[in-house]
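>>> With the input below, show me the fold.
(one chain, ligands or ions: 1)
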Amino acid sequence: MASMEITVQKTTQPKAKPQDESKLQFGVDFTDHMFLMEYEVGKGWFDPRIVPYGPISMSPACTCLHYGQETFEGMKAYRDPDGRIMLFRPEENFRRLNQSNQRLCIPEIDEAFALEALTKLVELDRDWVPSLSGTSLYIRPFCIGTEPSLGAHTSTHYLFAIIMCPVGAYYPGGLEPVKIYVETQYVRAVRGGTGFAKTGGNYAASLRAQDDAAEEGYSQVLWLDGVERKYIEEVGAMNVFFVIGDEIVTPQLRGSILPGITRKSSIELLKSWGYQVSERLLSVDEVIESHASGKLTEMFGTGTAAVISPVGELKYGDHVMTIGGGKIGPISQRLYDTMTGIQTGRLPDPFGWTRHID
Ligand SMILES: *Cc1c(COP(=O)(O)O)cnc(C)c1O
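Modelled structure (predicted):
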């Protein structure tokens, strides 16, 4: 597969790029080109191509539209101080895409080839990578079942695509703590389900709770495990960490949590700084007790979009807990500064996490 030739059809009508990088929104302006590749049973993946960004035509009977056979990834390209473009651990994203694909019965893609395709696409649309501090080019690879049939079975046809959009700084005014509430009515995933896979269905299942939380003035929900409703899982599209005394705790991966690359990188960084990091079960009761005793000093979320998101307030039923005085804690701040420093080439990269594409 790695020998497949990627054809390139350049746009004849390049779009105007967003003028003001301080006003970039998330996921609304797309670059000039996209990557597409198809799959058919018996034929494998074929016709890898870069074409002008635009609508794709598909049958209204496509399997993904009715039965949700879909997987996706989210990653970013950044500019270093010299204007060169960098990716952060992209091979981890394609490895995870294949793990999601396995769960959703979508044929695997060649990870090295996907990275080659991505590199070619970013190179072609390189002028779309913004340079203002905090901005980046968000990259969205995804796979969908495209068999034109209502049969409720594994699709025989697929599309793999990569689309990209310049995005603004998540925190235009600097890191800001968010307010989160613990969801007690709905659950997002259960072990044995699809919680560890990056698939649209997990998001569809979480929207009701998300909307209810927003109505109460909370930006996201913290999920509890779907069986005992007792153990902390994750927040919206972020993994979570708690600083409890000398220990930094993050829920262990048991199949219902998305294995975040920012989570993994945070664990590696924290350990390299000498912190004791535990991946273990953490009950909501333990969080409440450690807050009451003053041992809970910081809570933060990790994910590609926000990188590190400090949590200033956590609500569980009638119990409202202010964490770290509602301010950003030193560990959250150090992680944020270091991670974004490595991602943008402003700090050395001792782990070899980044790669320049030019
Ligand atoms: C993508 C995602 C994350 C964060 O993963 P990163 O690789 O760090 O971006 C966390 N939870 C969910 C549900 C996600 O979809």
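>>> Gly312 and the ligand, how far apart?
In this view, Gly312 and the ligand are 20 Å apart by C-beta to the nearest ligand atom, to the nearest Å. Where you see a C-beta, it was placed from the backbone N, CA and C, and this is true even at glycine.
>>> Shouldn't that residue be within a strand?
Yes: residue assignment for Gly312, taken from DSSP: H, G, I helix; E, B strand; the rest coil, places it within a strand.
>>> In contact with the residue nearest to it when sequence neighbours are not counted, which residues?
Closest residue to Gly312 apart from its sequence neighbours, by C-beta to C-beta, 6 or more residues apart in numbering: Pro177 at 2.9 Å. Applying C-beta atoms under 8 Å, 6 or more residues apart in numbering, one finds that Pro177 lies in contact with Pro310, Val311, Gly312, Glu313, Ile323, Gly324, Gly326, Lys327, Ile328.
>>> my guess is Met4 contacts Phe113, does it?
Yes: counting by C-beta atoms under 8 Å, Met4 does reach Phe113; the two are 6.7 Å apart.
>>> ok, back up a step: among the contacts of Pro177, list the two that are farthest apart in space.
Across the contacts of Pro177, the longest distance by C-beta to C-beta is 12.9 Å; it joins Glu313 and Ile328.
>>> need the contacts of Pro177 in CSV with pLDDT, neighbour count and distance to Cys143, can you?
Formatted as CSV, the entries for these read as follows, by pLDDT from 0 to 100; neighbours: other C-beta atoms under 10 Å; distance: C-beta to C-beta, whole Å:
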residue, pLDDT, neighbour count, distance to Cys143
Pro310, 96, 25, 33
Val311, 96, 28, 32
Gly312, 96, 20, 37
Glu313, 96, 18, 37
Ile323, 97, 23, 38
Gly324, 95, 20, 40
Gly326, 94, 12, 41
Lys327, 94, 16, 41
Ile328, 94, 21, 37
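>>> which one among those gets closest to the ligand?
Distances from these to the ligand were compared by C-beta to the nearest ligand atom; the smallest belongs to Val311, at 14.5 Å.
>>> My read is that that closest one contacts Val178, right?
Yes: proximity of Val311 to Val178 meets the contact threshold set by C-beta under 8 Å, at 5.8 Å.
>>> Common neighbours of these two, please.
Residues touching both Val311 and Val178 by C-beta under 8 Å, 6+ apart: Gly301.
>>> from the stretch 51-200 of the chain, which residue is nearest to the ligand?
Checked against the ligand (C-beta to the nearest ligand atom), the nearest residue in the stretch 51-200 of the chain is Lys198, 5.0 Å away.
>>> How about that residue: what's its closest non-neighbour residue?
Per C-beta to C-beta, 6+ apart, closest to Lys198 is Ser100, 4.9 Å.
>>> can you pull the pLDDT of that neighbour?
The predicted structure scores Ser100 at 98 on the pLDDT scale.
>>> Likewise for the one 3 residues further on?
Arg103 carries a pLDDT score of 98 in this model.
>>> same check, this time on the one 4 residues further on
Model confidence at Pro107, given as pLDDT, is 98.
>>> List the residues that contact it.
Contact criterion C-beta under 8 Å, 6+ apart gives Tyr39, Gly44, Trp45, Asn101, Tyr158 as the residues in contact with Pro107.
>>> Would you format these as a markdown table with distance to Arg346, secondary structure and neighbour count included?
Formatted as a markdown table, the contacts of Pro107 follow (distance: C-beta to C-beta, whole Å; DSSP: H, G, I helix; E, B strand; the rest coil; neighbours: other C-beta atoms under 10 Å):
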| residue | distance to Arg346 | secondary structure | neighbour count |
| --- | --- | --- | --- |
| Tyr39 | 40 | strand | 21 |
| Gly44 | 42 | strand | 12 |
| Trp45 | 37 | strand | 19 |
| Asn101 | 35 | helix | 21 |
| Tyr158 | 39 | strand | 25 |
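>>> which one of these is nearest Ala214?
For Ala214, the nearest member of these is Asn101. The distance, counting by C-beta to C-beta, is 31.4 Å.
>>> Thought Leu124 was touching Val8, still the case?
Yes: with contact defined as C-beta under 8 Å, Val8 and Leu124 form a contacting pair (7.0 Å).
>>> neighbour count winner among the two?
Counting neighbours by other C-beta atoms under 10 Å for Val8 and for Leu124 shows that Leu124 has the greater number, 17 against 13.
>>> Noted, bye for now.
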